[in-house]
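Asks: model the structure of this input:
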Amino acid sequence: MARYVGPKSKIARKFREPIYGPDKSYEKKNYPPGQHGASKRRRKQSEYSIQLMEKQKAKYTYGILERQFKNVFNQASRKKGITGTILLQLIEARLDNVVFRMGIAPTRAGARQLVSHRHITVNGAVVNIPSYAIKPGDIVSVREKSRSLEAITNSLEGRAHNFSWIEWDDDQMRGKFLNYPEREDIPENIKEQLIVELYSK
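Replies: Below is the predicted model:
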C-alpha cells in the first residue's frame, strides 16, 4: 500500500508543527519548505485552504490514506454525538495507533510494521491489519515468539506515556483498551471541527 516515505521534517515544516515528534531539523528550520518558505510575506489563506491543511495534518499524523480517512469520517458521521470527536476516537482505536499508544513501538509507522509482520495479537489471535478497529475490552498483546525482538524491548524500556484509556501489563507484554478516549485526553493538536466543515461542503 502507498505510504509517504519522504523526509518527515519537510512535512512537519509544512504544517508548522513537529507532528512526528522531536525533530532537530524542524527546530533549525521551523518555517514552510520551498523557495519562499522563510519569507515573512505569506499569502492570506482561504477558509478552504485552512480546512484542507487541517485534514492533511491529521492524515499525516496518523499515517492514513485519503480513502481510509474518508471512510472513517463517514462512519463517524453516522454515529450519534459530535462527529469530530467521534472521528478522532475511531482513529485512536485503530490497531496500529493502539500499539503505538501502548509503547510497543516508538512511532506509528513502526507500529504499523509490527502489525503487518504478525507480531501483534488481539484477544489471542494474530491480526496483521493495521486499520483493524479495536473495541473497548479488547486485549492487545505482543506475540509470544516476538517478545525478545530488540525493537519491541527497546521501545517498552523507553515507554514514558500512560493513557487513561489503556491498561498496560509489563510482565505479560499486553494491554487492555478500556474505552474510547475523551477529546481532552487525546494529545494531538488537531482542530477536528475544521475537518468536519471541509467534508460538509
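Asks: just the C-alpha atoms of whichever helix in the chain runs longest, please, in CSV.
Replies: Taking DSSP state H as the criterion, the chain has its longest helix at helix 47-62. This file holds the C-alpha atoms of helix 47-62, laid out as CSV (Å, rounded to 0.1, in the frame of the first residue of the first chain):
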residue,chain,number,x,y,z
GLU,A,47,-11.1,29.1,4.6
TYR,A,48,-11.0,26.1,2.3
SER,A,49,-7.2,26.1,2.4
ILE,A,50,-7.1,26.1,6.2
GLN,A,51,-9.6,23.3,6.4
LEU,A,52,-7.8,21.2,3.9
MET,A,53,-4.5,21.8,5.7
GLU,A,54,-6.0,20.5,8.9
LYS,A,55,-7.3,17.3,7.2
GLN,A,56,-3.9,16.7,5.7
LYS,A,57,-2.2,17.2,9.1
ALA,A,58,-4.5,14.6,10.6
LYS,A,59,-3.8,12.2,7.8
TYR,A,60,0.0,12.5,8.0
THR,A,61,-0.1,12.4,11.9
TYR,A,62,-1.9,9.1,12.0
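Asks: which other helices and strands contact the helix or strand following it?
Replies: Sequence-wise, the next helix or strand downstream of helix 47-62 (DSSP states H and E) is helix 66-78. Packing partners of helix 66-78 (3 or more C-beta pairs under 8 Å, 6 or more residues apart in numbering; DSSP states H and E): helix 47-62, helix 83-92, helix 192-199. (C-beta placed from N, C-alpha, C; glycine too.)
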